[in-house]
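> With the input below, show me the fold.
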Amino acid sequence: MTNLFSYYTQVIFISMIVINHLTEVYLARRQQNALRLHQGAVPPEFNSYLNLSEHQTALRYATAKLNYSQAHLVWDAILLFYWFPFRGLEKLYMSLPDWGIHREVAFLGSFVLIGFLLNLPWSVFSTFVMEEKFGFNRSTPKLFILDRVKGIALGALIGFPLIYALIILYNATGKWWWVLSFIGLTTFQFILVWAYPTWIAPLFNKFKPLEESDVKQGIEKLVSTAGFQANGVFVMDASKRSSHGNAYFTGFGKNKRVVFFDTLLKDLQVSEILAILAHELGHLKLKHIPKSMVTSLVISFLGFWLMGYVATENWFFSGHFVRIHSVSALVLIFTQCIPIYTFWFTPIGSWISRKREFEADAYAAKETRAQDLVSGLLKLYRQNSSPVVTDSVYSTFYHSHPPALERIKRLESLER
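Predicted structure coming up:
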């Protein structure tokens, strides 16, 4: 029976890799066709905000990213087949000396490092070819390398203790190891979210308090009206890496920060900046962040429960072409293979996210002016070369934000 379960799992696993990747390619082709159909003219609704040259540049940029993503999809499929059906994981594990618990840690660390090195050329191409071509890249080779070195060092500093803790709990606490692992990881994640604004983010960017101005006074008024306390309003030197613009909230409790990209402040008027901030505040005021955290905790708990359930099941390991029965192999099966099975839930998450974006837009329209948010968003579309047209099926599947036309029409109805 175990062999039968294993065989069926192998068939399902391989089939889903192929089906999922073909589906993603199909959706990308739909989006490319939609972009191609709108090359000749700016949609009438956006004539006052975009000229034809800006519109066509956005379409070319989006098409380039789609071509890149399709090539990357093929690469990801090749790696999945190598690591699992072609038993690359086993080969990696057997190449390491038998150091007991240290072998497990070295196995996971080696896998992550190999993955980083294999994907490094893709990052180089994305930054120094594609982003450079469209005028977005501001990073230098030195800064690019420094970022990667810092990322590896930080990942090792955080990751290795977590791996050791997970393996020790697995070996020492019996069948309830997954409960303690879930509690430990969740606690650590909260600590990271709290520490990120003041300890981690400054390792990569410089943050300076926003100078006294109409913008700062308006921000403080909005934050106060929403009933929140933020530990300052900061400007991040995003322009040293990219010309893309954005703004975000980070941290929690008394360690919350409002952060603006310096690129955003250069192009938007005060009223537009405040409208975009009000949108972000809407997510907090409407409890979207806590709701997302609860959802993540539930999914994480179910994932750890499932790990605990299959940790001793031979069919699960062999069903994914792994004959190593260890917690390190279990972790890699879950992190690399489970997304294959959950791929078809993507539209649900996208729908929930788009719904919350509409709700945050409505909050911003109430606290500021809908037209200010419209003009601010359209400037961001233009600044980031984001296309204002999209394929409906592609958008339904992937987009966490509503399509531009749908979003603008909704805001304009609120303004009226």
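
> tell me the domain ranges of the chain?
Domain segmentation of the chain under automatic domain parsing yields 2-137+291-347, 205-267.

> what's the burial count for residue 16?
Neighbour count of residue 16, defined by other C-beta atoms under 10 Å: 16. From N, CA and C alone the C-beta is placed, and that goes for glycine too.

> swap in the one 3 residues further on?
A count of nearby residues for residue 19, using other C-beta under 10 Å, gives 13.

> Show me which residues of stretch 216-236 are buried.
If you call a residue buried by 16 or more other C-beta atoms under 10 Å, then stretch 216-236 has these buried ones: 216, 218-219, 222-223, 226, 230, 233-236.

> returning to what we had before: would you turn the domains of the chain into TSV with distance to residue 278 and mean pLDDT?
Formatted as TSV, the domains of the chain follow (distance: least, C-beta to C-beta, whole Å; pLDDT from 0 to 100):
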stretch	distance to residue 278	mean pLDDT
domain 2-137+291-347	19	93
domain 205-267	6	78
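
> Identify whichever of those lies nearest to residue 360.
Nearest to residue 360 among those is domain 205-267; the distance by C-beta to C-beta comes to 11.6 Å.

> can you pull the contacts of the nearest residue in space to residue 9 that is not next to it in sequence?
Distances taken as C-beta to C-beta, 6 or more residues apart in numbering put residue 319 closest to residue 9, at 2.7 Å, once the chain neighbours are dropped. Taking C-beta atoms under 8 Å, 6 or more residues apart in numbering, we find residue 319 in contact with 5-10, 13.

> Provide the secondary structure category for residue 376.
Following DSSP: H, G, I helix; E, B strand; the rest coil, residue 376 is assigned to helix.

> which one is it nearest to, not counting chain neighbours?
Closest to residue 376 by C-beta to C-beta, 6+ apart is residue 272, at 3.3 Å.

> How many neighbouring residues does the one you found have?
Using other C-beta under 10 Å, residue 272 has 23 neighbouring residues.

> one step back: could you export the domains of the chain as TSV, including distance to residue 285?
Shown next, in TSV, are these (distance: least, C-beta to C-beta, whole Å):
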stretch	distance to residue 285
domain 2-137+291-347	12
domain 205-267	5
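
> pLDDT value on residue 410, please?
At residue 410, the model reports a pLDDT of 90.

> secondary structure class for it?
Applying three-state DSSP: residue 410 is helix.

> Please give me every residue in contact with the closest residue to it other than its chain neighbours.
Excluding its sequence neighbours, the residue lying closest to residue 410 (C-beta to C-beta, 6+ apart) is residue 358, at 6.2 Å. Taking C-beta under 8 Å, 6+ apart, we find residue 358 in contact with 402, 407, 410.

> So residue 358 belongs to a strand, correct?
No: going by three-state DSSP, the assignment for residue 358 is helix, not a strand.

> Could I get the full set of strands for this protein?
207-209, 233-236, 247-250, 257-261 (DSSP state E).

> Compare those strands and give me the one nearest residue 159.
From the strands of the chain, taking C-beta to C-beta, the stretch that ends up closest is strand 247-250, at 21.3 Å.

> what helices or strands is that closest one leaning on?
Strand 247-250 sits against strand 257-261, helix 270-285, with contacts defined as 3 or more C-beta pairs under 8 Å, 6 or more residues apart in numbering; DSSP states H and E.

> could you say what helices and strands the shortest one packs with?
Using 3+ C-beta pairs under 8 Å, 6+ apart as the contact definition, the elements that strand 257-261 packs against are strand 233-236, strand 247-250, helix 270-285.

> how about TSV for these, with distance to residue 124 added?
Output for those, formatted as TSV (distance: least, C-beta to C-beta, whole Å):
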stretch	distance to residue 124
strand 233-236	24
strand 247-250	26
helix 270-285	32
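
> most tightly surrounded among those?
helix 270-285 (a mean of 22; mean count of other C-beta atoms under 10 Å).

> Name the residues that touch that one?
Contacts with helix 270-285, where a contact means C-beta under 8 Å, 6+ apart, come from 214-215, 218-219, 222-223, 226-228, 247-249, 258, 260, 264-265, 268, 288-289, 356, 359-364, 367-369, 372-373, 375-377, 379-380.
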